[in-house]
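In: Task: produce atomic coordinates for the following.
(chains A and B)
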There are 2 protein chains.
Amino acid sequence: MRPLLEIFSQGEELVTGQIMDTNAAWLSQQAVAKGFTVTRHTAVGDNLSELVSLLEAIAQRADCCICTGGLGPTSDDLTALAVAKAFNRPLIFDAEAYEQIARFFANRQRTMPDSNRKQALLPQGAERIDNHWGTAPGFSLQHGRCWFVFLPGVPMEMKHLFHEQVLPSWPQRFALKPGILITFKTFGAGESALQELINTIEVPASVQLGFRAGTDDVHIKLLFPTDFPQQEMTALIRDFSERLGDVVFAIDGLGDSAGDLVFEVDKLMLARQATLAVIETVSHGLLAAKCIGCDWLLSASYQQSSIKSEADIDVMVVAEAMAYEHKKSTAADHVLVQLYAGDKECLHNKEKTIAIYIVLLTATGLHKVSHLIAGPIGRKQNQAALLSLDLLRRYLSAKL
Amino acid sequence: MRPLLEIFSQGEELVTGQIMDTNAAWLSQQAVAKGFTVTRHTAVGDNLSELVSLLEAIAQRADCCICTGGLGPTSDDLTALAVAKAFNRPLIFDAEAYEQIARFFANRQRTMPDSNRKQALLPQGAERIDNHWGTAPGFSLQHGRCWFVFLPGVPMEMKHLFHEQVLPSWPQRFALKPGILITFKTFGAGESALQELINTIEVPASVQLGFRAGTDDVHIKLLFPTDFPQQEMTALIRDFSERLGDVVFAIDGLGDSAGDLVFEVDKLMLARQATLAVIETVSHGLLAAKCIGCDWLLSASYQQSSIKSEADIDVMVVAEAMAYEHKKSTAADHVLVQLYAGDKECLHNKEKTIAIYIVLLTATGLHKVSHLIAGPIGRKQNQAALLSLDLLRRYLSAKL
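Out: As a prediction, this is how the structure comes out:
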């Protein structure tokens, strides 16, 4: 059983959406990697009774809780007070904490405002977490089944205190067995189509299977327990790879870190020392934009005039001709041409579909695909860019 | 008393920190602007009992709850099931929802997998929220004191459903007294520079002044109470406009809805019925990509070869020559050319700065600007695209 961990963030600016809670995601990654199951994130504003009831609830249901924010000097910083109320531990003046805060100001040749004295008041029995990066010391304490850690909300301070004083104490407090996470990154099939591909594979009960659909790709995740037999794991990963086939553009967790589709195309292009020239239509510059920093992209042009929509023209033939023509005027090794059938109205109308034709002309031959793309224009744009890059990816990884 | 709203996000990828909960912050901003008090954000993983207990708790303490995620076709998408359990409403097959999902696949000429049938199962008595952007329909229902709205977790789909079907229903369900929010959208000056421009203006205590610095622009917000005297408000807005000058590209809240910089350029180009051709370098296709849907952009080309870095070349003179040359070969009314000085290493290195030169050639003359851009390559790319569009914006709005 992995111990359960919750993240608790305090701040009016979080619940009103003025800032994003980057701390919660960051802390969760650390906790999952070390073997916790993260069950919940909660963010509340500067409201004492909300804070108190939340602390009481967490003390009942989690083994560890990392709390960020609310340790500042102002009247809306309520965390220590809420802990005192929730767990019936009066606030005690901590002389050493006060000394550290005073030193922080003295080092900067600034006068310490009276309000900062408040930050030296810690709940009775709490263990202080020294903060050399700001004025607010953190603290930790056990209540109910839960070990609570309170850290400042400023990300830089939070991360330093976490690395220096929280992370090293975890192994002594919890029996942690970090799992092994394998992620199949796929493009070209929806979540449900992927599920169909793998639904005859028997996944052992101890292995957690998960899906994550993003705008650009779909991830299939397998989380193995630490002590899962290596051979069985290898066999299962091979099964998944075989069933999923060439929609998988990268597998993360096997050693090399895997990136997104552009990252993988970049690796392959660099390995081959190849260059590319592009003519794009539907993707409207986005293909090139996604390849920022990729010096193998020699040129890309967006042309409105290259759009053909008359029914009696074979768009693929036009695209092929354009690719051969463009090859003459460019020094690039590969030429990629993207056209579509359907008039402008189809492109703009989210109810309508367009047919996209992509041609990749390489030294060894011509590769082509066509797809239907539906949805709002922004989605059509993005899919067109990704489908074009994916054709290149499959050629480069010799899957064509 | 402002009604209380909570945000509830479902997804293993959120609690494990693999993705950031951008939906929660975005939805909170919308809710606060409309007159809600947002009390809490909660994210939980794919765990039925956690979901059920959370739904039960929220039904007791909030007036409105927006839930995102967990509506997909796979076995770890548990939201509808959790609602059924928590609120004792069996799942009912919704034929119209099924029809829509089937149509989604038919439009793409794909076979609908069996697993998608699940998405047409809605809790008894729930009102369906049609989704034209993906397969998962949303739904809403009242339980306890709380009106629950369930939306898909994919941000693009969520935002569309929210704008089209949630936002319009709020005024009928809640007594909301939003203040009057005026937003000055600016480009070209940092937060502190903007603050300096306006710091001698006296803002009445009842008016809330705020800043929001985004990747693409900086917003200055004035939130007036509903009953603030109209004349005073007009005078204050005029003061702000005058002090801020031409860094303001749009003012939101005065009637016409204002968009981002591209939206404003689009309006101006359409009003003038003008067309544009672009040569871009640093922005690497992103200028064109941002203009998706803008038919006045006739062509855009990204050229690596157009980068000049030798110290003895006047880059602006080269850009001007290229603009005149390009004008000959295009039918566009305006030509925009973007070049930069500094070698490739400067472009890639986040510690180094490049100088960008932008020329806009119109029927009435030549306009040019140059800027230094620093930061990671992605920031340089984005700034280059925005600076180019902003030159066009200032020309079109006759501020040049």
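In: Domains in chain A, by residue range?
Out: A:4-173, A:180-258, A:262-396 (automatic domain parsing).
In: Reformat those as TSV; add distance to residue B:323.
Out: For the C-beta atoms, the positions are set from N, CA and C on the backbone; glycine is no exception. Formatted as TSV, these follow (distance: least, C-beta to C-beta, whole Å):
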stretch	distance to residue B:323
domain A:4-173	41
domain A:180-258	35
domain A:262-396	17
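In: a markdown table for these, including mean pLDDT and mean neighbour count?
Out: Converted to a markdown table, the domains of chain A look like this (pLDDT from 0 to 100; neighbours: other C-beta atoms under 10 Å in any protein chain shown):
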| stretch | mean pLDDT | mean neighbour count |
| --- | --- | --- |
| domain A:4-173 | 92 | 19 |
| domain A:180-258 | 91 | 16 |
| domain A:262-396 | 91 | 19 |
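In: Nearest to residue B:154, out of those domains?
Out: Residue B:154 lies closest to domain A:180-258 among these, at 6.9 Å (C-beta to C-beta).
In: ok but residue A:5 is inside a strand, no?
Out: Yes: residue state for residue A:5 (DSSP: H, G, I helix; E, B strand; the rest coil) corresponds to a strand.
In: Report the contact partners of it.
Out: With contacts defined as C-beta atoms under 8 Å, 6 or more residues apart in numbering or on different chains, the neighbours of residue A:5 are A:31, A:36-39, A:62-66.
In: redo that, cut-off 7 Å
Out: A:31, A:36-38, A:62-65 (C-beta atoms under 7 Å, 6 or more residues apart in numbering or on different chains).
In: Likewise for residue A:277?
Out: With C-beta under 7 Å, 6+ apart as the criterion, the residues that contact residue A:277 are A:298-299, A:326, A:330, A:332, A:335.
In: let's go with 8 Å and repeat that
Out: Residues near residue A:277 by C-beta under 8 Å, 6+ apart: A:297-300, A:326, A:330, A:332, A:334-336.
In: One more: residue A:38?
Out: Applying C-beta under 8 Å, 6+ apart to residue A:38 gives the contacts A:4-7, A:28, A:31-32, B:15-17, B:45.
In: Residue numbers of the stretch 251-400 of chain A in contact with chain B?
Out: Within reach of chain B by C-beta under 8 Å from any C-beta of the partner chain, the stretch 251-400 of chain A has these residues: A:280, A:283-293, A:295, A:297-305, A:344, A:348, A:350-351, A:353, A:372, A:374-379, A:381.
In: quick one on the thing from earlier: identify the farthest-apart pair in the contacts of residue A:38.
Out: Longest span within the contacts of residue A:38, C-beta to C-beta: A:4 and B:17, 15.2 Å.
In: For the stretch 201-350 of chain A, which segments count as strands?
Out: For the stretch 201-350 of chain A, the strands defined by DSSP state E, counting those that start in this stretch cover A:208-213, A:218-224, A:248-252, A:276-280, A:297-303, A:334-341.
In: Please name the strands paired to the first one in the sheet, noting orientation.
Out: Next to strand A:208-213 in the sheet, as set by DSSP bridges, lie strand A:218-224 (antiparallel).
In: And for the last one?
Out: For strand A:334-341, the pairing partners within the sheet under DSSP bridges are strand A:276-280 (parallel), strand A:354-362 (antiparallel).
In: ok, and what's touching the helix or strand following the last one?
Out: Right, the one you point to is strand A:354-362. Using DSSP states H and E, the helix or strand that follows strand A:354-362 in sequence is strand A:365-373. With C-beta under 8 Å, 6+ apart as the test, strand A:365-373 has contacts from A:282, A:316, A:319-320, A:323, A:353-360, A:379-380, A:383-384, A:387, A:391, A:395, A:400, B:107-109.
In: Spit out the contact partners of the nearest residue to residue A:159 once chain neighbours are set aside.
Out: In this structure, residue A:159 finds its nearest non-sequential neighbour in residue A:26, 7.2 Å apart by C-beta to C-beta, 6 or more residues apart in numbering or on different chains. Neighbour list for residue A:26: A:155, A:159, B:17 [criterion: C-beta under 8 Å, 6+ apart].
In: for residue A:4, same thing?
Out: Each residue near residue A:4 by C-beta under 8 Å, 6+ apart is listed here: A:36-39, A:61-64.
In: Try it again at 10 Å.
Out: Counting by C-beta atoms under 10 Å, 6 or more residues apart in numbering or on different chains, residue A:4 makes contact with A:31, A:36-40, A:58, A:61-65, A:145-146.
In: Narrow those residues to those in strands?
Out: Among the contacts of residue A:4, DSSP state E puts A:37-40, A:64-65, A:146 in strands.
In: Wait, residue A:284 touches residue B:288, no?
Out: Yes: using C-beta atoms under 10 Å, residue A:284 is in contact with residue B:288, at 5.5 Å.
In: Overlap in contacts, these two.
Out: Common neighbours of residue A:284 and residue B:288 are listed as A:302, B:294, B:297, B:300 (criterion: C-beta under 10 Å, 6+ apart).
In: Residue A:97 falls within a helix, correct?
Out: Yes: counting by three-state DSSP, residue A:97 falls inside a helix.
In: what sits against it?
Out: For residue A:97, the contact set (C-beta under 10 Å, 6+ apart) comprises A:117, A:119-122, A:128-131, A:135-137, A:139.
In: nearest to residue B:99, of the residues you listed?
Out: Among the contacts of residue A:97, and counting by C-beta to C-beta, the member closest to residue B:99 is residue A:136, at 56.3 Å.
In: what about the closest one, is that helix, strand or coil?
Out: Here residue A:136 is recorded as coil under three-state DSSP.
In: which secondary structure element contains residue A:139?
Out: Using DSSP H and E, residue A:139 maps to strand A:138-143.
In: Show me what that strand packs onto, helices and strands only.
Out: If you count contacts as 3 or more C-beta pairs under 10 Å, 6 or more residues apart in numbering or on different chains; DSSP states H and E, strand A:138-143 packs onto helix A:48-61, strand A:64-68, helix A:79-87, strand A:121-123, strand A:127-129, strand A:146-151, helix A:155-161.
In: Report all helices and strands that the last one contacts.
Out: I take that to be helix A:155-161. Contacts defined by 3+ C-beta pairs under 10 Å, 6+ apart place helix A:155-161 against helix A:22-34, strand A:64-68, strand A:138-143, strand A:146-151.
In: what does that helix contact?
Out: Contacts of helix A:155-161 (C-beta under 10 Å, 6+ apart): A:22-23, A:26-27, A:30, A:66, A:68-69, A:71, A:129-138, A:149-152, A:154, A:166-167.
In: Understood, closing this out.
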